[in-house]
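Novice: Pasting the sequence and the predicted coordinates here, then a few questions.
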Amino acid sequence: QAEDGIRDCLLSRGLGDVYKRQDHYFVQCGYGQLSTAAHDKLVEGATAGRKGLGMVFVFAAGNEYQIGDDVNYEGYLNSRFTISVGALGRDLKHARYSSSGAPVFISAPGGDWENYHGLFAALPLAHGAVDNCGDAGVGTSYACPLVSGVVALVLEANPSLSWRDVQGVLAATARTDFNDEDDETGQWTTNQAGVKHSYKYGFGLVDAHAAVIAAQSWATLGAEITLVTATTSGAALLDFDGTEHWVESEAAEFGSSDFIIEGVSVYVTIEHPRRGDLRIELERNGVTSLLTDDKLEQGTDYTHWKFFTLRHWGETADSGAFTLRVADRRAGSGDDDDLGSRRRLDDDDGVLVKWTLQLYGHDSDTSTPWTPQPTPRGGCDSVAVSGSNDQSSSHGTYLFSGRCEDKVYYQCSDCSFTRYLWYKDGGYWVIGQDPDGCDSLNGYIYINSDDDLADVSGNWIESTSSGCCLLYTSPSPRDKRQSRMPSSA
């Protein structure tokens, strides 16, 4: 898969116009959290595509099940705007390569490797094919187009369906009785609304006929609405010592009985010397969503890190409190000083700092007025920059402008020149004129820090020249000086 393939594709196509004239296209994607640009383009597709009804994004779930990959590790797959498709083998059971997870939406045949039963597809004449079809191979990339085809049939049956209506049709008509697996083997759970979901299969096997029939009389869902609650914890995450020390943090209950859940996002901030040691779960009324296991994640910390689950689809918001559960499942961290001065605890322990729960759904009572809430973003609402000796043109109030991976960046609202404040991966907060997708280290003022901006402290380093300067870990003293640059969230 091409790293950031979708971002390049989305941005290169000028989607302000493309969304309005195209019904489909093909992209590839990479790993990690969605960039601000990619997220914004998905939003644009969902709001401007198909004359406001929204484009339907269908993605292959991936072929990394055997190495422990989870769909929640990939920002393009754990987005509420996308349909993640898993694959079934010849026996209509989970193909052993098909990535799983709480955001998997639906499944379709993708072939299997055991006996190399691949899918048949039309072969291009340019390949010198004698016949017009042949064995194309196996993978979720073959299951995904089958679901895309069903989506096309659904929209042909009812062109007035929105992107969320299409998701609703597929979820409501997917088959859950297509093989003889029990719930444990199939990783199924049934929630309070009676909806079944599997980490392997999503809502089940796509059923084209049932989906087309349902689409013809589908009652359009109300406008998308959201509920948000933030929870501060501060609980210690003790290192594994032969026993898993689970920490549980319960969010405040919602009182909205008319709110019907479609998806749930969880934004987690955890300090830990090796985040790959952690297992994180979301639970309500016995329905558990595995958000990440102690498998692939490398590095330290989770900072406002997003996870997603479909396992509460159809439930009402007031059906009980959500609980976040976290445990360290591996002893040691490799380096007790990984977090330096940011460590709140000694040795190999961590801290569940805070987490935010966001429900997406619709109001079952459309006569009830509803005020949507914004997506939680972390960071500061605004940042006041002052106190510079040589870069006073960067003084001003910086307001939220977007996200760079897991941190917020800002644009000055009242500076004499265009100025941005952004985080550059590697441990820099930079003030300059062009963040270049938050990849730039060209700036007028910066500080070495990997903290959230609200927690940044110390001396910022500023250029003494009028031009932009390239920032280094150890700046030359002849063209830069240290100055206290107070900022307030």
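Specialist: Noted; the coordinates are in hand.
Novice: And the helix or strand encompassing residue 166, what does it pack against?
Specialist: According to DSSP states H and E, residue 166 maps onto helix 163-173. Applying 3 or more Cβ pairs under 8 Å, 6 or more residues apart in numbering; DSSP states H and E, one finds that helix 163-173 makes contact with strand 104-109, helix 140-157, helix 208-216, strand 259-271. Backbone N, C-alpha and C define where each C-beta goes, glycine included.
Novice: out of the ones you listed, nearest to residue 359?
Specialist: Closest approach to residue 359 among the helices and strands packed on helix 163-173 is made by strand 259-271 (5.4 Å; Cβ to Cβ).
Novice: Which SSE is immediately downstream of the closest one?
Specialist: strand 278-284.
Novice: before we move on, the earlier item: the helices and strands packed on helix 163-173 into CSV, with extra columns for distance to residue 402, mean pLDDT and mean neighbour count?
Specialist: Shown next, in CSV, are those (distance: least, Cβ to Cβ, whole Å; pLDDT from 0 to 100; neighbours: other Cβ atoms under 10 Å):
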stretch, distance to residue 402, mean pLDDT, mean neighbour count
strand 104-109, 27, 97, 27
helix 140-157, 29, 96, 20
helix 208-216, 36, 98, 17
strand 259-271, 16, 94, 23
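Novice: Redo these as JSON lines? Include distance to residue 456.
Specialist: Putting the helices and strands packed on helix 163-173 into JSON lines (distance: least, Cβ to Cβ, whole Å) gives the following:
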{"stretch": "strand 104-109", "distance to residue 456": "38"}
{"stretch": "helix 140-157", "distance to residue 456": "41"}
{"stretch": "helix 208-216", "distance to residue 456": "50"}
{"stretch": "strand 259-271", "distance to residue 456": "15"}
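Novice: Any idea which of these gets closest to residue 355?
Specialist: Using Cβ to Cβ, the helices and strands packed on helix 163-173 put strand 259-271 closest to residue 355, at 4.8 Å.
Novice: and that closest one with strand 104-109, angle?
Specialist: Inter-element angle recorded for strand 259-271 and strand 104-109: 100 degrees (by axes from the mean of the first three to the mean of the last three Cα atoms, to 10 degrees).
Novice: Tell me which other helices or strands strand 259-271 touches.
Specialist: helix 163-173, strand 225-237, strand 278-284, strand 287-292, strand 302-309, strand 323-328, strand 350-363.
Novice: Residues contacting the fifth one, please?
Specialist: Around strand 302-309, the neighbours that count as contacts under Cβ atoms under 8 Å, 6 or more residues apart in numbering are 33, 72, 75, 78-80, 102-103, 263-270, 272, 275, 280, 282, 289, 291-292, 356, 376-379, 406-407, 452.
Novice: rewinding a little: export the helices and strands packed on strand 259-271 to JSON lines and tack on mean pLDDT?
Specialist: Below are these laid out as JSON lines (pLDDT from 0 to 100):
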{"stretch": "helix 163-173", "mean pLDDT": "98"}
{"stretch": "strand 225-237", "mean pLDDT": "89"}
{"stretch": "strand 278-284", "mean pLDDT": "95"}
{"stretch": "strand 287-292", "mean pLDDT": "95"}
{"stretch": "strand 302-309", "mean pLDDT": "90"}
{"stretch": "strand 323-328", "mean pLDDT": "95"}
{"stretch": "strand 350-363", "mean pLDDT": "92"}
